[in-house]
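Visitor: Sequence plus predicted model, see below.
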Amino acid sequence: MKTRLLRADQIAEAAALLRAGEPVGMPTETVYGLACDAGNPEAVRKVFAAKGRPADNPLIVHIASLSEWEPLVKGIPPLAGKLAERFWPGPLTMILPRSERIPAITAGGLDSVGVRFPAHPLAQQMIREAGVPLAAPSGNRSGSPSPTSAAHMLSDMDGRIPAIVEGGNCVCGVESTVIILDDAETVRVLRPGFVTPEQLRTAARRVIVDQAVLSQVTAGTTVRSPGMKYKHYAPAAAVTLLCGSREHILDYLQAKQGKDVYALVFDADLPACRERGIRAVPYGDTDEARAAAFFSRLRELDALGAGHIYVRAPRTDGVGLAVYNRLIRAAGYDVVQTDACEKG
Ligand code: TXA
Ligand code: MG
């Protein structure tokens, strides 16, 4: 099967494929997704197969109007309604008990379903023209960096799915914020994203960032979100995350230089890297810019044949928390505190 790239004016073809139970690549404001009819178990099976995704990792269901939400869940608590009003359409996924409209396979066997109303106009158009809610995990092969362009998705999925709708580069670049409600006033962040804990606090009395966001899930722990237990987002190269002051990070990088070693640093670090002979690639100077760039940079460094990528860690507040969360997983939790290291 050759995978076709469809333009915005060919959405009717994408919708026909979706109605026929086929998976189709879908641009969203976060990352590209691999969409299918959320209510069709056979279509969902094809999505799991194309990604090589473990069957216990549930898919997010995408809607294009608020009225589509209610039939998918067993009731919408007032706090969820308030969050929808405040953040939808946008990069927020809310997990609630699922109705029988959502097949068990879509939910990875859980009793709940994550629902999201994406802001990207082409995603909304695909959902509307397909006429059904669309289940869509990120459009990468399981374990690889998420695709932020149609070209990235094609390189993972060519020959495995019939089509991808082209919608340019994703503006957020990091997947949606996934939340669950602990009680009527408490939001728990299971996966950080562009909607930050700080922003959620403007709508909810309590916002808890789940401990799995910043630390490794150890064997035997029950995870609220199955995706948190898998190694994720990893390029072929080894990745190490460097935390510490800029000077110490530069010292560390200088000492690690080798033929297939690359540094992923902030834009402002480039002149100093050049002076010290550190082979470096920039990934932005703000949390938002880094979020939009880092998956793409990891793929580019793989293409350059990088053996080891040392990444200057972003901040862990605001959107930086989402980037940090993905990077520690890409690094397999190999985090070095450079300030505690020997100099040189
Ligand atoms: O921005 C996004 O969310 C993108 C685009 C395509 O919308 N989708 C995406 O899907 O990132 P995926 O499947 O790559 O990540 C979904 C995450 C996984 O970690 C999964 O375990 C968690 O959300 N999740 C989904 N449904 C859940 C549920 N019912 N309970 C707990 N966790 C859930
Ligand atoms: Mg994913």
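Guide: Everything's here; your move. Residues are numbered from 1 along each chain as shown. Ligands and ions are numbered 1, 2, ... in the order given.
Visitor: how about the residues of the stretch 1-150 of the chain near ligand 1?
Guide: Within reach of ligand 1 by CB under 6 Å from any ligand atom, the stretch 1-150 of the chain has these residues: 28, 30-31, 33, 57-60, 91, 93, 95, 107, 110, 112-114, 116, 118, 136-138. The way it works is simple: take the backbone N, C-alpha and C, and place the C-beta from them, glycine included.
Visitor: if I pick the residue nearest the centre of the chain, what's in contact with it?
Guide: Nearest to the mean C-alpha position of the chain, counting by CA atoms, centre = their mean, stands Glu175 at 2.8 Å. Shown here is Glu175, whose contacts under the criterion CB atoms under 8 Å, 6 or more residues apart in numbering are 30-31, 91, 138, 146, 191, 193.
Visitor: Also Arg141?
Guide: Contact partners of Arg141, counting by CB under 8 Å, 6+ apart, are 51-52, 156-157.
Visitor: Grab the nearest non-local neighbour of Lys82.
Guide: Ala203 (5.6 Å; CB to CB, 6 or more residues apart in numbering).
Visitor: Just give me the neighbour total for that neighbour.
Guide: The burial metric for Ala203, expressed as a neighbour count using other CB atoms under 10 Å, is 16.
Visitor: what do you get for Ala55?
Guide: Ala55 is flanked by 11 other residues according to other CB under 10 Å.
Visitor: same deal with Asp158?
Guide: If you count neighbours by other CB under 10 Å, Asp158 ends up with 12.
Visitor: tell me the contacts of it?
Guide: By CB under 8 Å, 6+ apart, Asp158 lies in contact with 2-3.
Visitor: 6 Å instead?
Guide: By CB atoms under 6 Å, 6 or more residues apart in numbering, the contact list for Asp158 reads Thr3.
Visitor: does Ala289 count as helix, strand or coil?
Guide: Look at Ala289: counting by DSSP: H, G, I helix; E, B strand; the rest coil, its state is helix.
Visitor: that older thread, show me the one in the contacts of Glu175 that has more neighbours than the rest.
Guide: If you count neighbours using other CB under 10 Å, the busiest of the contacts of Glu175 is Thr30, which has 30 neighbours.
Visitor: How is that residue assigned, secondary-structure-wise?
Guide: Following three-state DSSP, the label given to Thr30 is coil.
Visitor: Ramachandran coordinates for it?
Guide: Per-residue torsions, Thr30: phi -90, psi -70 (degrees, to the nearest 10).
Visitor: swap in Met26?
Guide: Summarising the backbone geometry of Met26 under the convention degrees, to the nearest 10, its torsions are phi -130, psi 120.
Visitor: now swap in Ala272 and tell me
Guide: The phi/psi pair for Ala272 (degrees, to the nearest 10) is phi -60, psi -40.
Visitor: Could you check which helix or strand contains the nearest residue to it once chain neighbours are set aside?
Guide: Taking CB to CB, 6+ apart as the measure, Ala272 lies nearest to Leu250, with 5.7 Å between them; neighbours along the chain are not counted. Per DSSP states H and E: Leu250 is located in helix 246-256.
Visitor: Could you check how far Leu122 is from ligand 1?
Guide: For Leu122, the distance to ligand 1 equals 12 Å [CB to the nearest ligand atom, to the nearest Å].
Visitor: That residue contacts Gly167, doesn't it?
Guide: Yes - the pair Leu122 / Gly167 is scored as a contact, 4.4 Å apart, by CB atoms under 6 Å.
Visitor: shared neighbours of the two, anything?
Guide: Shared between the contact lists of Leu122 and Gly167 (criterion: CB under 6 Å, 6+ apart) are residues Pro27.
Visitor: for Val171, what are its contacts?
Guide: Taking CB under 6 Å, 6+ apart as the definition, contacts of Val171 comprise Glu29.
Visitor: Surely it forms part of a strand?
Guide: No - secondary structure of Val171, determined by three-state DSSP: coil, with no strand assignment.
Visitor: mind checking how far it is from Ala291?
Guide: Plainly put, Val171 is 9 Å away from Ala291 if you go by CB to CB, to the nearest Å.
Visitor: What ranges does the stretch 1-150 of the chain have for its strands?
Guide: Per DSSP state E, counting those that start in this stretch, the stretch 1-150 of the chain carries strands over the ranges 4-6, 24-26, 33-37, 60-62, 92-97, 112-116, 134-135.
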